[in-house]
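Engineer: dropping the sequence and predicted coords here.
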Amino acid sequence: MNIYKSIIILLVAFITNSNVQAQGINFFEGTYKEALAEAQKRNVPLFIDYYADWCGPCKMMDKNVYVDEKLGAFFNENFVSVKVDVEEEINTQLVRENQIVSMPTLMFVDGSENALARVSGSLDIENLMQMGQTVTGDVRSFEEIYTEYQKNSDDLEIMEELLNKAPAFVTLQEGMNKKKWIVRVEKIFDDYIEQKIDKGDALVNKEDYVIIKKFHRPEGKDDEIMEYMIAHMDGYIKEVGPPAAFYVIQHNTEYLESLAKDGDKSYETALERIKGDMKPAYDVIESDADQYELQKANCDALYALYKEKNVDSYIALKNNYFELQGETISPMSLARAAQVMYAEAGNKVTKEQNEVAKDWIVKSLNTNDIPTIDRINIIALLGDVNKKLGDLDGAEKAYNQAYLESAQIDKAQMQKYVQMLLKRKLEMLKLE
């Protein structure tokens, strides 16, 4: 053999082998049934990634997770892995039988196709490794940890382990069994938080912040966890960073807005906290705007709309709110101002008020920095406003644009529902 040809062959072999190692998880090239047969032959579980070509989180896992060398080594040794395209006709029955409604859905099944573990949504390297290790028995199962918890119900380490594993485990459960585990996990969370709060600043760390974000749904005034975080905000900013501050700000904004919408003037008193004990949280916001004045303008606008039923006053106050935001104005805040106005005032909106709303909407769409489903809703709203203004061509154009962009929705069931609504809007437009 020519020496140059030999060198080329060796180089190709080296590059090919290097690529295989760099690929991380080696996904089976073939159908689901063929992959299952291979798993049965090797006597290992089958790992299934239900995906779609248009699914953003699926692509993220391909790029950032499945390529990990350690993850690949573990999965390639212990599982047969296969990717299942939910939109291919050959997989229709499989997708239906397993009730796959969001992508990605990650599943482990045994040789008899019994589910061993399942989670809807993307995972990072650490969590996917942990999920795989639970299936192989290299780490304890959720039930095993829970049995230990029953014997040591005050052990914070066991409780923390359960709370970290709970979402993936509960997702796999069904019916009454799922409800039972949800109740149990909620009790563990409540007991865990209570013990930690009693220990002073024991909750002020990244790990517990993640747990709070997973399980806590803030409720109105004097929410215990929110008040704890406000009292320890300096510590949270040091240990967690700005996200902890924004978490508190989001809750406070929702609380203030609920008061204004209910016509409860006590929002004016609640606003004072922005200049008081909540100041460390609001100081994290990088803006020249006065956060107190900003929130007051927003709440005053909502009070005018919901309590006083004065749309013109609402528009004037909202425009003042946008001026206060200056260059930091959020595209979503413009669109939501219009959505809120229509949700409350409905058909009472005048032509002039419609024109203002359209201006807000058009400005909000001048950026692509909007979540897919929100952008589709805003474009559809633009169609509705154009229809109200008698611009039927503009309405049709907006509905069609929204329909095209709905292809980017990563949940198949949601995508079909949105497209059905948009088709209905287009059909109704033809009757005008």
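Structural biologist: Nice, thanks for sending it over.
Engineer: so, low pLDDT: which residues of this structure?
Structural biologist: With pLDDT under 70 as the threshold, the chain has low-confidence stretches at 1-22, 172, 410-412.
Engineer: just want the most central residue of it.
Structural biologist: In the chain, the residue lying closest to the centroid (Cα atoms, centre = their mean) is G121, at 8.9 Å.
Engineer: pretty sure that residue is touching L128, no?
Structural biologist: No. At 11.3 Å, G121 and L128 do not qualify as touching, with contact defined as Cβ atoms under 8 Å. Glycine gets a C-beta too; all of them are placed from N, C-alpha and C.
Engineer: SS state for M103?
Structural biologist: Reducing the assignment at M103 to three states with DSSP: H, G, I helix; E, B strand; the rest coil gives coil.
Engineer: tell me, how many residues neighbour it?
Structural biologist: Taking other Cβ atoms under 10 Å as the criterion, the count of residues near M103 is 26.
Engineer: burial count for the nearest residue to it once chain neighbours are set aside?
Structural biologist: What sits nearest to M103 in space, not counting adjacent residues and going by Cβ to Cβ, 6 or more residues apart in numbering, is C55, at 4.2 Å. As a burial measure, the neighbour count of C55 was computed by other Cβ under 10 Å and equals 22.
Engineer: would you check that C55 makes contact with T105?
Structural biologist: No. Using Cβ under 8 Å, C55 is not in contact with T105; the gap is 10.3 Å.
Engineer: ok, L302 - contacts?
Structural biologist: The contact partners of L302, by Cβ atoms under 8 Å, 6 or more residues apart in numbering, come to 257, 260-261, 314, 340.
Engineer: widest-spaced pair of those?
Structural biologist: With Cβ to Cβ as the measure, no two of the contacts of L302 lie farther apart than E257 and Y314, at 13.2 Å.
Engineer: more crowded one of the two?
Structural biologist: Counted by other Cβ under 10 Å, E257 and Y314 do not tie: Y314 has more neighbours, with 24 against 19.
Engineer: hmm, that one is touching L305, no?
Structural biologist: Yes. Y314 lies in contact with L305 (Cβ under 8 Å); the separation is 3.9 Å.
Engineer: about what we covered before: dump the residue contacts of the residue nearest to the centre of the chain.
Structural biologist: Here G121 is in contact with 57, 102, 104-105 (Cβ under 8 Å, 6+ apart).
Engineer: redo that, cut-off 10 Å
Structural biologist: Counting by Cβ atoms under 10 Å, 6 or more residues apart in numbering, G121 makes contact with 57, 102-106, 167-168, 171, 410.
Engineer: of the residues you listed, buried ones?
Structural biologist: Neighbour-count burial within the contacts of G121 applies to 102-106, 168, 171, 410; the criterion is 16 or more other Cβ atoms under 10 Å.
Engineer: farthest-apart pair in those, please.
Structural biologist: When these are compared pair by pair using Cβ to Cβ, the farthest-apart members prove to be A168 and D410, with a separation of 19.2 Å.
Engineer: and the helices in the stretch 151-300 of the chain?
Structural biologist: Taking DSSP state H, counting those that start in this stretch as the test, the helices found in the stretch 151-300 of the chain are 156-172, 175-198, 206-215, 224-231, 233-239, 242-261, 267-271, 279-282, 291-306.
Engineer: circling back: between Y314 and L305, which contacts overlap?
Structural biologist: With contacts defined as Cβ under 10 Å, 6+ apart, the residues adjacent to both Y314 and L305 are 337, 340-341, 344-345.
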